[in-house]
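Colleague: Here is my input; please provide its structure:
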Amino acid sequence: MNSFNHQKNLQDFHIGLIPDFRLKPPAYDGIGVFSRSLISALNTITSEFSFSVFINEQDRSFLPELDDNFKVIMGKPCSVKLTYDVAWYFFVLPFLARKYQIDLLHIFSGNRRLSLFPFSRTVVSIHDIYYYKRQGYGAPRHLLFRYVLAPLLKLHPHIHAVSKSTSHELETTFQISPEKIRLVENAYDDRHFRVINNAEIKKEMRKKYSLEKDFMLYVSVLDYPRKNHVTLIRAYSHLKKIVSQVPDLVLVGEAFWQPENIHKEIRKNRLQKHVKILGFIPDNDLVILYNTAKLFVHPSNWEGFGLPILEAMACGLPVVCSDIPAFREIAGDAPVYFDQKDPLSIARNIKMLCENGRLYAESQLNGLERAKRFTWQRTAKRMVKVYRDILTRVGGNSSGLT
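Modeller: As a prediction, the model looks like this:
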């Protein structure tokens with residue numbers, strides 16, 4: 001292992017980055033977006049360290065062209081089998097980190113995977129703790145997280161939380177000291193998600209996806225029950241009973257966990273003509289859909305951040321969403337909030353946002369201003385400070401570390 005030299009300059013330190021592209025392409029899930037976006041921003045804003053990105057060959061195309069201080073190491077498994085994946089993080093990754101003389105290891109998906117590389121030289125990003133608290137994805141995963149990964153997480157002195165909400169959950173659920181947690185918020189691609197006023201482009205996008213009527217939009221993987229599609233569909237069914245003209249409901253996102261329950265609820269309420277599931281939509285189309293929709297709805301039961309809300313606000317789309325801590329923290333007073341467990345609350349607040357012109361305009365303007373706070377360049381700069389602080393602390397306060 002590379003030993004720390006008290007005279008070592010920061011630019012001499014070698015940082016290992018472990019992105020996670022579990023769902024492909026990376027726009028499928030938040031950690032994939034985080035992985036691609038943070039590496040892209042680090043590549044843009046710093047030459048302070050040397051970086052090695054550990055990735056499998058299949059995922060190399062998800063990374064940008066990288067500068068000379070970045071090296072790509074093809075070392076991750078392509079398999080998504082649980083046992084193989086966990087074994088790679090536990091045992092192979094520490095070996096590779098030593099082989100390539102990594103001074104600090106950053107694991108991007110600490111809420112899914114941890115390593116046995118020395119904890120003092122590892123920072124793990126925690127996006128939420130849903131896997132640790134809920135038995136939502138089967139007994140084997142639940143047992144792994146509760147009895148193996150959770151105890152390991154408590155041993156880490158350097159934990160990156162993407163929101164105050166996630167930080168609070170780490171403190172209250174695992175009794176992790178606040179001093180161990182570094183808060184660096186996620187962001188959105190401000191160069192891509194923006195207001196677009198081209199009516200012809202919007203018309204073509206409607207035609208492409210057969211969206212003749214006005215529509216409200218929900219962007220999320222089809223994940224039952226976490227993402228709460230079923231309650232939203234029930235709310236939509238009620239909305240149609242109390243409002244004469246209701247926009248269609250468009251669901252964008254790949255099937256992930258028990259999507260059949262969502263399809264069943266649509267059929268049960270006879271909403272096949274009004275609730276459209278488009279599957280995965282590439283970002284170039286998604287930004288147009290954000291700009292074309294009537295409003296954005298996000299009824300999730302549990303989130304650590306809320307990236308689609310940021311994207312929607314940046315496109316000038318009014319938001320109505322769950323009243324959960326992460327959304328309050330990220331979106332502030334821009335959205336209209338509802339009780340995500342109550343279909344009537346969801347329906348009433350969608351109706352109010354659609355019918356109240358002043359409220360609709362305020363949500364647009366407040367959302368545009370709020371989104372400006374979150375850029376990947378800002379996130380990357382703050383993450384570099386985290387690296388610098390950890391290296392200074394672990395390596396000793398030397399004149400060479402500034």
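
Colleague: give me the element the residue nearest to residue 332 when sequence neighbours are not counted is part of.
Modeller: Spatial nearest neighbour of residue 332, chain neighbours left out: residue 370 (5.2 Å); criterion: CB to CB, 6 or more residues apart in numbering. Every C-beta, even on glycine, is put in place using the N, C-alpha and C of the backbone. Using DSSP states H and E, residue 370 sits within helix 357-371.

Colleague: again, but for residue 296
Modeller: Going by DSSP H and E, residue 296 is part of strand 295-298.

Colleague: Might one say that the residue nearest to residue 332 is in contact with residue 312?
Modeller: No - counting by CB atoms under 8 Å, residue 312 is not a contact partner of residue 370; they are 11.0 Å apart.

Colleague: Those two: which has the busier surroundings?
Modeller: For residue 370 and residue 312, the more surrounded residue by other CB atoms under 10 Å is residue 312, and the numbers stand at 33 against 20.

Colleague: Doesn't that one belong to a helix?
Modeller: Yes - under DSSP: H, G, I helix; E, B strand; the rest coil, residue 312 sits within a helix.

Colleague: and it, what pLDDT?
Modeller: Turning to residue 312, the model gives it a pLDDT of 98.

Colleague: Setting aside sequence neighbours, what's the nearest residue to it?
Modeller: Nearest non-adjacent residue to residue 312, counting by CB to CB, 6+ apart: residue 296, 3.8 Å away.

Colleague: give the contact list for the one you found.
Modeller: Under the criterion of CB atoms under 8 Å, 6 or more residues apart in numbering, the contact list for residue 296 reads 216-219, 290, 308-309, 312, 317-321.

Colleague: Among these, name the ones in helices.
Modeller: With DSSP state H as the criterion, helices contain 290, 308, 309, 312 from among those.

Colleague: OK, contacts around the second one?
Modeller: It refers to residue 308. 219, 220, 296, 298.

Colleague: just the first one next, same as before
Modeller: With contacts defined as CB under 8 Å, 6+ apart, the neighbours of residue 290 are 193, 217, 296, 311, 312, 315, 317.

Colleague: Neighbour-wise, which one of these leads?
Modeller: residue 312 (33 neighbours).

Colleague: what's near enough to touch that residue?
Modeller: Counting by CB under 8 Å, 6+ apart, residue 312 makes contact with 217, 219, 290, 296, 319, 367.

Colleague: and these as TSV, adding pLDDT and distance to residue 231?
Modeller: Below are the contacts of residue 312 laid out as TSV (pLDDT from 0 to 100; distance: CB to CB, whole Å):
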residue	pLDDT	distance to residue 231
217	98	17
219	96	17
290	98	23
296	98	17
319	98	17
367	98	23
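
Colleague: Helix, strand or coil: sort out residue 47 for me.
Modeller: Of the three states, residue 47 takes coil according to three-state DSSP.

Colleague: circling back: buried residues, the helix holding residue 370. List them.
Modeller: Under the neighbour-count criterion of 16 or more other CB atoms under 10 Å, helix 357-371 has 360, 363, 364, 366, 367, 368, 370, 371 buried.

Colleague: residues making contact with that helix?
Modeller: With CB under 8 Å, 6+ apart as the test, helix 357-371 has contacts from 188, 190, 195, 295, 310, 312-314, 316-319, 331-336, 352-354.

Colleague: Can you pull out the low-pLDDT segments for the stretch 251-400 of the chain?
Modeller: 394-400 (pLDDT under 70).

Colleague: in it, which spans are strands?
Modeller: Ranges of strands in the stretch 251-400 of the chain, per DSSP state E, counting those that start in this stretch, are 255-257, 275-279, 295-298, 319-322, 336-338.

Colleague: other SSEs contacting the fourth one?
Modeller: In other words, strand 319-322. The elements that strand 319-322 packs onto, with contact taken as 3 or more CB pairs under 8 Å, 6 or more residues apart in numbering; DSSP states H and E, are strand 295-298, helix 307-314, helix 325-331, strand 336-338, helix 343-355.

Colleague: Quick one, which of the ones you listed gets closest to residue 229.
Modeller: For residue 229, the closest of these is strand 295-298, at 10.6 Å, according to CB to CB.
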